[in-house]
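S.K.: here's my sequence, what's the structure:
(one chain, ligands or ions: 2)
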Amino acid sequence: MSILDLDIIKGYIRMCTDGWNQGWHERNGGNLTYRMRPEEVEQCRPYFKATPGQWVNMGVQADNLRGEFFISTGSGKYFRNVPLAPQDNICIVEINEAGDAWRIAWGLEKGGHPTSEFPSHFLNHSVRKEATGGACRVIYHAHPANLIAMTYILPLTAQDFTRALWKSATECPVVFPEGVGVCPWMVPGGADIAMATSELMKTYQAAIWAQHGLFASGPDFDITFGLAHTIEKSAEIYVKVLSMGGGIIRQTITDDDLRAIARDFGVTLNEKFLN
Ligand code: 2HA
Ligand code: ZN
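M.R.: Ligands and ions are numbered 1, 2, ... in the order given. Modelled structure (predicted):
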């Protein structure tokens, strides 16, 4: 028995592999964090380091994440390598009682830190935990090419992206009925992009970082990966349609069609994006 045999670690590694296989994680691109359930922490605890790492201040703070444990990809580590050597590329971090610092409890055996986007993940976990009554556990950042391409041609508004994505694949309004948020281009890795993104995530399950990628959240790996996959698939269709049609869309899903989907599937669409 090893920590790598535990379902939660296996599920985490599988999601890293899935993201790599989609082509969303060139080099060290992207990052994944999971807020552990207390029973998962107890399952993993026998494998924790005898002496935990030093506390490292994050520059951000959250009351509702005091004492939580997260699984995180390592800063500068490659998703491609996660399944080959999880213990060197991912880690479990513990948050201190003040909710403003982490220390490594397991993993990154050859040294390192949790993802450079940990402040963004942390603030977004805080916001999504609050917004979902504790259900949200996964924050996922990826670099899907079609979605990024869209950020070069569409106005950077939630309205423009939500409408384009909703209308490019019929399942979209059911999967993200509240729409998607859009963050203007910002320097990655810092507190500013963390704060801007977490503002959006009060409303949305996912936010797009202009010329950079996607931030998605959810209660488990399947739903979070599925959300990212659905958004990028829709973006791919949008890019193909504009590319092959000389920029002309001859027919699309109308706003009344969207309302009909919402009615039959029992979801409430964000009306502010409908005409
Ligand atoms: O981890 O994707 O945004 C590398 C990144 C930073
Ligand atoms: Zn990135």
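S.K.: what lies in contact with the lowest-mean-pLDDT helix or strand in the chain?
M.R.: Here the helix or strand of the chain ranked lowest by mean pLDDT, DSSP states H and E is helix 191-201, holding a mean of 94. For helix 191-201, contacts defined as CB atoms under 8 Å, 6 or more residues apart in numbering pick out 59-60, 117, 119-120, 122-124, 126-128, 131, 158, 181-184, 186-187, 207, 209, 215, 217. Using the backbone N, CA and C atoms, a C-beta is placed for each residue, glycine as well.
S.K.: near ligand 1, which of the residues you listed show up?
M.R.: Contacts with ligand 1 within the contacts of helix 191-201, counted by CB under 6 Å from any ligand atom: residue 117.
S.K.: with just CA atoms, put the helix or strand hosting residue 44 into PDB.
M.R.: Per DSSP states H and E, residue 44 falls inside helix 38-44. Written as PDB, here are the backbone C-alpha positions of helix 38-44 (Å, rounded to 0.1, in the frame of the first residue of the first chain):
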ATOM      1  CA  PRO A  38     -11.300  15.300   6.300                       C
ATOM      2  CA  GLU A  39     -11.400  11.600   5.700                       C
ATOM      3  CA  GLU A  40      -9.100  11.900   2.700                       C
ATOM      4  CA  VAL A  41      -6.600  13.800   4.900                       C
ATOM      5  CA  GLU A  42      -6.700  11.000   7.400                       C
ATOM      6  CA  GLN A  43      -6.200   8.300   4.700                       C
ATOM      7  CA  CYS A  44      -3.100  10.300   3.500                       C
END
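S.K.: helices or strands next to the following helix or strand past that helix in the packing?
M.R.: Per DSSP H and E, the first helix or strand lying C-terminal to helix 38-44 is strand 56-57. The contact analysis (3 or more CB pairs under 8 Å, 6 or more residues apart in numbering; DSSP states H and E) places strand 56-57 against strand 101-107.
S.K.: and the helix or strand just after the strand it packs on with strand 101-107, angle?
M.R.: The helix or strand immediately downstream of strand 101-107 is helix 118-131, counting by DSSP H and E. Between helix 118-131 and strand 101-107, the angle comes out at 100 degrees (axes from the mean of the first three to the mean of the last three CA atoms, to 10 degrees).
S.K.: what sits against the residue in the stretch 101-250 of the chain that ligand 1 sits nearest to?
M.R.: Across the stretch 101-250 of the chain, the shortest distance to ligand 1 (CB to the nearest ligand atom) belongs to residue 188, at 3.9 Å. Contacts here follow CB under 8 Å, 6+ apart; on that basis residue 188 touches 116, 117, 209, 212.
S.K.: taking those residues, tell me the two that lie furthest apart.
M.R.: The widest separation within these, taken as CB to CB, falls between 116 and 209 and amounts to 13.6 Å.
S.K.: neighbour count for these two, which is higher?
M.R.: residue 209 (24 against 16; other CB atoms under 10 Å).
S.K.: verify the stated contact: that one with residue 215.
M.R.: Yes. Contact criterion CB atoms under 8 Å: residue 209 and residue 215 qualify, at 6.5 Å.
S.K.: flag every residue of the stretch 51-200 of the chain that's near ligand 1.
M.R.: 115, 116, 117, 141, 188.
S.K.: can you redo the residues you listed as TSV with pLDDT?
M.R.: Converted to TSV, those look like this (pLDDT from 0 to 100):
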residue	pLDDT
115	96
116	93
117	92
141	98
188	95
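S.K.: sorry, back to before: overlap in contacts of residue 209 and residue 215?
M.R.: Common neighbours of residue 209 and residue 215 (criterion: CB under 8 Å, 6+ apart): 183, 197.
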